[in-house]
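**Student:** dropping a prediction and its sequence here:
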Amino acid sequence: MDVSTAALRAFLTLAEQKHFGRAAEQLHVTSPALSQMIRRLETELGFPLFTRTTRSVTLTEAGEGLIPYASQVVEAVLNLERWRRTRVHHERFTLQFGFTVNGAGALMSAILTRARSDLPEVKLTTRQVHWPDLHRVIQDGTVDIAIFRGPRDFPGLSVTPVFEEDWVVAVPTGHPLAELSQVDLRQVRGERIIRPDIGPLAGPRPMWLGGEQPDGYMPPAGPYAQSLEEALDHVEMGEGFLITGESVPALYPRTGVVYVPATGLPPGYIGLVSRRDRHNPLVTAFERLVIEVANEVRSHRGI
């Protein structure tokens, strides 16, 4: 048996109106077309649903029995369509934005503020992603787009450069290095380096994460930090130094922290990564927004 929803809807309308003309008008079809639909439904079911005379249309016993089942089917299909429309709207206007610890650094708050202003119809959700999981969560769609700092090797994915920036060392106020105009990495030897918690790494830990320096020196390990704010808390409490991007001081000023420009490290790369085969106009719009915000922050600071 293959009964269409349209046929059941026609049946319910005729059962309510008890008049082919009025039912056909409500359904926006002709009376002969409605009559054919009802006859095909009766043939499909194997029994008559209406008793027809020249003056009246009445339900048969079988027709009365069909009403609750037909109503359930029609309502279920309507609910399915409502769900589909909601889902399409949700997919179209929801963006999952991933970030690695210290990936966007000081840009995160500026990006989120601008997105709420320029993309008010978009439900933007953020998700912290450990570096080893970044490729997977983009590929499987858990995250639509992510911002990261570090190597840009993501085979099969689309990587958009945001900018490169030099480094600063965050030291506690009152430390002798806080008086310098710049600091070489060799000058922080012996100091613990706070390490953003990016999860297990397949390769060596980068220098800015407290890894080995070019000459083989390994600095003492400082505490892990789940966020930039937590890392700066550790600095302020004298638990270690933080190596971070030069865009951070403008948006994260701390009375207990001094940012000293650092030398001895290649510029840090900040980029966006997304799926290459997923043509999502929302992702494209968000990429433009992030780059605009980054350029404005850098222009304001003269970077």
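**Tutor:** In hand now; what should we look at?
**Student:** so in the protein, which helix runs the longest?
**Tutor:** Secondary structure of the chain per DSSP state H: the longest helix is helix 61-93.
**Student:** check which element follows that one along the chain.
**Tutor:** Moving toward the C-terminus from helix 61-93, the next helix or strand (DSSP states H and E) is strand 94-99.
**Student:** partner strands of that following strand, with direction?
**Tutor:** Using DSSP bridges, strand 94-99 pairs in its sheet with strand 123-128 (parallel), strand 145-149 (parallel).
**Student:** give me the distance from the helix or strand just after that strand to the chain's centre.
**Tutor:** Downstream of strand 94-99, the first helix or strand assigned by DSSP H and E is helix 107-118. Centroid separation for helix 107-118 versus its chain: 14 Å, with Cα atoms, centre = their mean, to the nearest Å.
**Student:** neighbouring contacts of helix 107-118?
**Tutor:** With contacts defined as Cβ atoms under 8 Å, 6 or more residues apart in numbering, helix 107-118 is touched by 99, 104, 122, 124, 126, 147, 162, 228, 247, 251, 270, 286, 289-290, 292-294, 296-297. Where you see a C-beta, it was placed from the backbone N, CA and C, and this is true even at glycine.
**Student:** next: stretch 1-8.
**Tutor:** Looking at stretch 1-8 with Cβ under 8 Å, 6+ apart, the contacting residues turn out to be Met37, Ile38, Arg40, Leu41, Glu44, Leu45, Ala70, Val73, Val74, Val77.
**Student:** so which bits of it are buried?
**Tutor:** Val3, Ala7, Leu8 (16 or more other Cβ atoms under 10 Å).
**Student:** just give me the residue right at the centre of the chain.
**Tutor:** Nearest to the mean C-alpha position of the chain, by Cα atoms, centre = their mean, lies Gln96 at 0.4 Å.
**Student:** give me the distance between it and Thr30.
**Tutor:** Shown here: Gln96 relative to Thr30, a distance of 49 Å by Cβ to Cβ, to the nearest Å.
**Student:** repeat that for Val57.
**Tutor:** 16 Å.
**Student:** would you list the phi and psi of the residue nearest to His175 when sequence neighbours are not counted?
**Tutor:** Using Cβ to Cβ, 6 or more residues apart in numbering and skipping residues adjacent in sequence, the residue nearest His175 is Val258, 7.5 Å away. Phi and psi for Val258, reported as degrees, to the nearest 10, are phi -120, psi 130.
**Student:** and stretch 114-128, what's its mean pLDDT?
**Tutor:** Across stretch 114-128, pLDDT averages out at 88.
**Student:** I meant to write stretch 80-94 there.
**Tutor:** For stretch 80-94, the per-residue pLDDT averages 68.
**Student:** check stretch 24-39 too.
**Tutor:** Mean predicted lDDT for stretch 24-39 stands at 91.
**Student:** what helices or strands is the helix or strand bottoming out on mean pLDDT in the chain leaning on?
**Tutor:** Lowest mean confidence among the helices and strands of the chain (mean pLDDT, DSSP states H and E): helix 248-251, at a mean of 80. Helices and strands touching helix 248-251, by 3 or more Cβ pairs under 8 Å, 6 or more residues apart in numbering; DSSP states H and E, are helix 107-118, strand 167-172, helix 281-301.
**Student:** reformat the buried residues of stretch 1-8 as TSV; add pLDDT and secondary structure.
**Tutor:** As requested, these are arranged in TSV below (pLDDT from 0 to 100; DSSP: H, G, I helix; E, B strand; the rest coil):
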residue	pLDDT	secondary structure
Val3	88	coil
Ala7	93	helix
Leu8	95	helix
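**Student:** is it possible to get TSV of those that adds distance to Thr53?
**Tutor:** Shown next, in TSV, are those (distance: Cβ to Cβ, whole Å):
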residue	distance to Thr53
Val3	26
Ala7	23
Leu8	24
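**Student:** okay, now Ala15: neighbour count?
**Tutor:** The tally of other residues near Ala15 (other Cβ atoms under 10 Å) stands at 20.
**Student:** contacting residues around the closest residue to Phe163 other than its chain neighbours?
**Tutor:** Once flanking residues are discounted, Phe163 sits nearest to Ala294: 5.2 Å by Cβ to Cβ, 6+ apart. With contact set as Cβ under 8 Å, 6+ apart, Ala294 has these partners: Leu107, Val162, Phe163, Ile270.
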